[in-house]
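Engineer: sequence plus predicted model, see below.
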Amino acid sequence: MSKIITIERFILDHQPDYARGEFTNLLYDIALAAKVIAHKTNRAGLVDILGRAGAVNIQGEIQQKLDVFADDIIFRICDHTGRLCVMASEEREEIIPIPEPYKKGSYVLVYDPLDGSSNIDVNVSIGTIFGVYRCKNWENRGRLEDVLQPARNLVAAGYVLYGSSTMLVYTTGQGVHGFTLDPELGEFLLSHENMRLPEPPGYYSVNSSYYESWSPQIQQYARWLQGLDGSNAPKMSARYIGSLVADIHRNLMRGGIFCYPAERGKPHGKIRLLYEAGPLAFMIEQAGGYASDGRRNVLDIEPTDLHQRTPFYIGNRSLVHKAEYYVEQEIDLTRDA
Ligand code: P6P
């Protein structure tokens, strides 16, 4: 019989001896937000919360009411605790300062409160993605420079998947650990300790409807993934649900790669660097994988804008390196031009 360990107990048992509790309590706060959002999300079909909220978020997408709710919940759970000096959300154009009179702590929270929201109305799994940094300079903490840090500086990252069950998967740089919510107890219980990307990979995830918009090299890579043109790729199935957290979680559990390449007219792709690609890249490296923009490790990209996007390849190391090999051909072509 497996041990019954709550996320609170696990975090406490794994915090460094010098921890003062601020970081540990911040992880509790994120777990609480996940429980509240899960409760509302799981009842979304019953309560009149579906449909259009009318507001348009920074991304220019029609905001679903659950988006607004999730963003508000995370803010209201975290704004007054004294653990954070600033936040940034996919749903808000600017950084989110800690309101007076609350004191500013030393951590920074970046988050996508509800990724995949277009799937809410069709009852497909959606997710929250989060990353935690330390502020860069204690004296003037809480500024944009504290948020615009490369993902290599993260001290924690993870996601919450609101699916057939609600799971919180996170890392603090000591492996990746998954917790499943027991809705009766209201507790996240350890269900997947030390998650590692399995070999051989089982799936490749890419929206092939964009094939005509990709460069010839990425088109060649896509055919390689499918095992075409004499490809020596591992035999994989195609799975793409259109919800990043759900695709990433399945691939973490079964091995595989998620790709959102650059396209003609969208040279930076669609996935956001700061609060999607960066935290997921930090997490996947802890699970033995790798994430790239096609040319370099996502962890090394210096953000210059809160909402900047990046081409994104994440999963088993060999599959991501293969993508880099094909993208490198693009550079050679450009260089020869
Ligand atoms: P497409 C959802 O809007 C999202 O940001 C991710 O969750 C998902 O992986 C991607 O977009 C899907 O985009 O262009 O394939 O519909």
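Structural biologist: In hand now; what should we look at?
Engineer: how about Gly82, secondary structure?
Structural biologist: Of the three states, Gly82 takes coil under DSSP: H, G, I helix; E, B strand; the rest coil.
Engineer: flag every residue of this structure that's near the ligand.
Structural biologist: The chain comes close to the ligand at residues Asp115, Gly116, Ser118, Asn207, Gly242, Ser243, Leu244, Asp247, Lys270, as judged by Cβ under 6 Å from any ligand atom. Where C-beta positions appear, they are placed from N, C-alpha and C, glycine not excepted.
Engineer: hang on, isn't the third one packed against Gly242?
Structural biologist: Yes - contact criterion Cβ atoms under 8 Å: Ser118 and Gly242 qualify, at 7.3 Å.
Engineer: coming back round to it: just the ones of the residues of the chain next to the ligand in strands?
Structural biologist: Asp115 (DSSP state E).
Engineer: and the residues of the chain next to the ligand, which of them are buried?
Structural biologist: Buried members of the residues of the chain next to the ligand, scored by 16 or more other Cβ atoms under 10 Å, are Asp115, Gly116, Ser243, Leu244, Asp247, Lys270.
Engineer: TSV for the residues you listed, including distance to Asn137?
Structural biologist: Shown next, in TSV, are these (distance: Cβ to Cβ, whole Å):
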residue	distance to Asn137
Asp115	30
Gly116	35
Ser243	37
Leu244	32
Asp247	37
Lys270	33
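Engineer: reformat the residues you listed as CSV; add pLDDT.
Structural biologist: Compiled in CSV, these are given as follows (pLDDT from 0 to 100):
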residue, pLDDT
Asp115, 96
Gly116, 90
Ser243, 97
Leu244, 98
Asp247, 98
Lys270, 97
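Engineer: looking at the residues you listed, which is nearest Pro234?
Structural biologist: Closest approach between those and Pro234, by Cβ to Cβ: Asp247, at 17.7 Å.
Engineer: not counting sequence-adjacent ones, nearest residue to the closest one?
Structural biologist: Ser205 (4.6 Å; Cβ to Cβ, 6 or more residues apart in numbering).
Engineer: please enumerate the helices of the stretch 1-150 of the chain.
Structural biologist: Secondary structure of the stretch 1-150 of the chain by DSSP state H, counting those that start in this stretch: the helices cover 7-14, 22-42, 65-78, 144-147.
Engineer: where does pLDDT dip in the stretch 1-150 of the chain?
Structural biologist: For the stretch 1-150 of the chain, applying pLDDT under 70 flags the ranges 1, 18, 45-58, 60-64.
Engineer: could you rerun that using 80?
Structural biologist: For the stretch 1-150 of the chain, applying pLDDT under 80 flags the ranges 1-2, 16-20, 43-64.
Engineer: right, and the ligand sits closest to which residue of it?
Structural biologist: Using Cβ to the nearest ligand atom, the closest approach of the stretch 1-150 of the chain to the ligand is made by Gly116 at 3.9 Å.
Engineer: Val160 versus the nearest residue in space to that residue that is not next to it in sequence, what's the distance?
Structural biologist: Nearest residue to Gly116, sequence neighbours excluded (Cβ to Cβ, 6+ apart): Ser243, at 3.2 Å. Separation of Ser243 from Val160 (Cβ to Cβ, to the nearest Å): 12 Å.
Engineer: got any residues that touch both of those two?
Structural biologist: Residues touching both Ser243 and Val160 (Cβ atoms under 8 Å, 6 or more residues apart in numbering) are Gly127.
Engineer: shouldn't Thr6 be in contact with Phe188?
Structural biologist: Yes - between Thr6 and Phe188 there is a contact under Cβ under 8 Å: 6.6 Å.
Engineer: these two: which has the busier surroundings?
Structural biologist: A count of neighbours by other Cβ atoms under 10 Å puts Phe188 above the other of Thr6 and Phe188, at 25 against 16.
Engineer: what's around the closest residue to Val147 other than its chain neighbours, how many residues?
Structural biologist: Leaving aside its chain neighbours, Val147 sits nearest to Ala88 (4.7 Å; criterion: Cβ to Cβ, 6+ apart). The tally of other residues near Ala88 (other Cβ under 10 Å) stands at 24.
Engineer: same check, this time on Thr81
Structural biologist: 17.
Engineer: for it, what are its contacts?
Structural biologist: Taking Cβ under 8 Å, 6+ apart, one finds Asn25, Leu26, Asp29, Tyr102, Gly105 in contact with Thr81.
Engineer: which residue comes closest to the second one once chain neighbours are left out?
Structural biologist: Computed as Cβ to Cβ, 6+ apart, the closest residue to Leu26 that is not its neighbour in sequence is Arg83, at 4.6 Å.
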